[in-house]
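> A predicted structure for the sequence below; I have some questions about it.
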Amino acid sequence: MQIAKAIELHGKPVAGGKFPLICTPLVGRTRAQLLDEARVVLAKKPDILEWRVDFFEGIANASDVIGVAGAIRALAGGVPLLFTRRSIREGGEKIALSEEQVIALYKTVCESRQIDVIDFEMSNDPTHIAQVREAARANDIKLILSFHNFSFTPGLETLDQRFLQADQLGADIAKVAVMPRSLEDVLTLLSATLSASQKLRIPLISMSMGPYGSLTRLFGWTFGSALTFAVGASSSAPGQVPIDDLNTVLAILQKSMTAAK
């Protein structure tokens, strides 16, 4: 069963339209650590790599960032690269860059065309969102507009609004990630995902985080989430499941759901 749209890059569905895609993060702090990490992760055959550049100690040097992105891309052998600076207010690492410098970095990285997807948070200044959106569009890069709450799960209406806001702001993909305090919160996230998958014009990604939230990483796709994050070498968020375990669960669920039709 597939509800939502599959993610496409450069005019083609990623991994032949596989649903859900599996994305694994890279969080190394140096070039050497990142490339070692990429080799380990790629051996586990993810569909997308995410470089969390806020972990990278050379983030202030755009040429270093582009060089590492190119090196990762060369290793990846066609596996798409998602570029993410997660802000500290939404769970990221502290960096020595102003927001204006982050925007300049994003523009430069987009112009280098060493990445395929870029993530930017909806909580950012609308002018900055517009600048990143235009830089991505000009260079055939897909834009994820994201919302993260590491403290709690907002109500259903708020989550609905966040998904819709991403679409209205011109995202190619909408992402919502929240922290549950109960199983009821997990149901709220899944309900919002199902609703958004039926209303949005674009693909979406959703997840709850932490121990309860690991459930959504395993079967959130059945409610419409087109991508799930898994640990290849190191985790970038609480509740991420090892990629081997995730593949096992997905195979079981997909076999069972196909047999039930």
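Looks like it came in fine. Numbering: from 1, shown residues only.
> please report phi then psi for G155.
phi -70, psi 170 (degrees, to the nearest 10).
> chain neighbours aside, what residue packs nearest to it?
In this structure, G155 finds its nearest non-sequential neighbour in T188, 7.1 Å apart by C-beta to C-beta, 6 or more residues apart in numbering. Any C-beta I mention is one placed from the backbone N, CA and C, and that applies to glycine too.
> neighbours around the one you found, how many?
20 (other C-beta atoms under 10 Å).
> just D167 next, same as before
For D167, the neighbour count with other C-beta under 10 Å is 18.
> mind listing the strands for the stretch 1-150 of the chain?
Ranges of strands in the stretch 1-150 of the chain, per DSSP state E, counting those that start in this stretch, are 8-9, 12-13, 21-26, 48-52, 81-84, 117-121, 142-149.
> direction included, what does the fifth one pair up with?
Okay, so that is strand 81-84. Paired strands of strand 81-84, with direction, are strand 48-52 (parallel), strand 117-121 (parallel) (DSSP bridges).
> can those go into CSV with extra columns for distance to G155 and mean neighbour count?
Supplementary listing: those in CSV, determined by distance: least, C-beta to C-beta, whole Å; neighbours: other C-beta atoms under 10 Å:
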stretch, distance to G155, mean neighbour count
strand 48-52, 28, 24
strand 117-121, 20, 23
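> tell me which of these sits nearest to T108.
Smallest distance to T108 across those (C-beta to C-beta): 11.6 Å, for strand 117-121.
> relative to strand 142-149, how tilted is the closest one?
With axes from the mean of the first three to the mean of the last three C-alpha atoms, to 10 degrees defining the directions, strand 117-121 sits at 40 degrees from strand 142-149.
> next, the buried residues of stretch 78-95.
79-87, 90-93, 95 (16 or more other C-beta atoms under 10 Å).
> typed the wrong thing, it's stretch 178-193
By 16+ other C-beta under 10 Å, the buried positions in stretch 178-193 come out as V178, M179, P180, D185, V186, L187, T188, L189, L190, A192, T193.
> farthest-apart pair in these, please.
Maximum distance among these (C-beta to C-beta): 15.5 Å, for M179 and T193.
> rewinding a little: which of the strands of the stretch 1-150 of the chain sits closest to S256?
Taking these one by one with C-beta to C-beta, strand 21-26 is closest: 18.7 Å.
> at which residues are the helices of the stretch 51-200 of the chain located?
Secondary structure of the stretch 51-200 of the chain, counting by DSSP state H, counting those that start in this stretch: helices at 62-76, 99-112, 126-138, 156-168, 183-199.
> outside of the longest one itself, list whatever touches it.
I take that to be helix 183-199. Outside of helix 183-199, the residues within contact range by C-beta atoms under 8 Å, 6 or more residues apart in numbering are 3-4, 152-153, 155-156, 159-160, 163-164, 174, 176, 178-180, 204, 206-208, 212-213, 215-216, 220, 223-225.
> helix or strand: which one has F219?
F219 belongs to helix 210-219 when assigned by DSSP states H and E.
> list the helices and strands that helix packs on?
Secondary-structure packing of helix 210-219 (3 or more C-beta pairs under 8 Å, 6 or more residues apart in numbering; DSSP states H and E): helix 183-199, strand 204-208, strand 227-231, strand 241-242, helix 243-259.
> chain center to it, what's the gap?
Put simply, helix 210-219 sits 15 Å off its chain's centre (C-alpha atoms, centre = their mean, to the nearest Å).
> next one: stretch 197-210
Relative to its chain's centre, stretch 197-210 lies at 11 Å (C-alpha atoms, centre = their mean).
> again with stretch 243-250
18 Å.
> residues contacting it, please?
20, 22, 24, 41, 44, 46, 217-219, 221, 228, 230-232, 241.
> at 10 Å instead, please
If you take C-beta atoms under 10 Å, 6 or more residues apart in numbering as the criterion, stretch 243-250 is touched by 18-20, 22-24, 41, 44-46, 214, 217-219, 221, 228-233, 240-242.
> filter these to the buried ones?
Among the contacts of stretch 243-250, those buried by neighbour count (16+ other C-beta under 10 Å) are 19-20, 22-24, 41, 44, 46, 214, 217-219, 221, 228-233, 240-241.
> for the worst-scoring helix or strand of the chain on mean pLDDT, enumerate the helices and strands it packs against.
When each helix and strand of the chain is scored by mean pLDDT, DSSP states H and E, strand 241-242 comes last, with a mean of 84. Secondary-structure packing of strand 241-242 (3 or more C-beta pairs under 10 Å, 6 or more residues apart in numbering; DSSP states H and E): helix 210-219, strand 227-231, helix 243-259.
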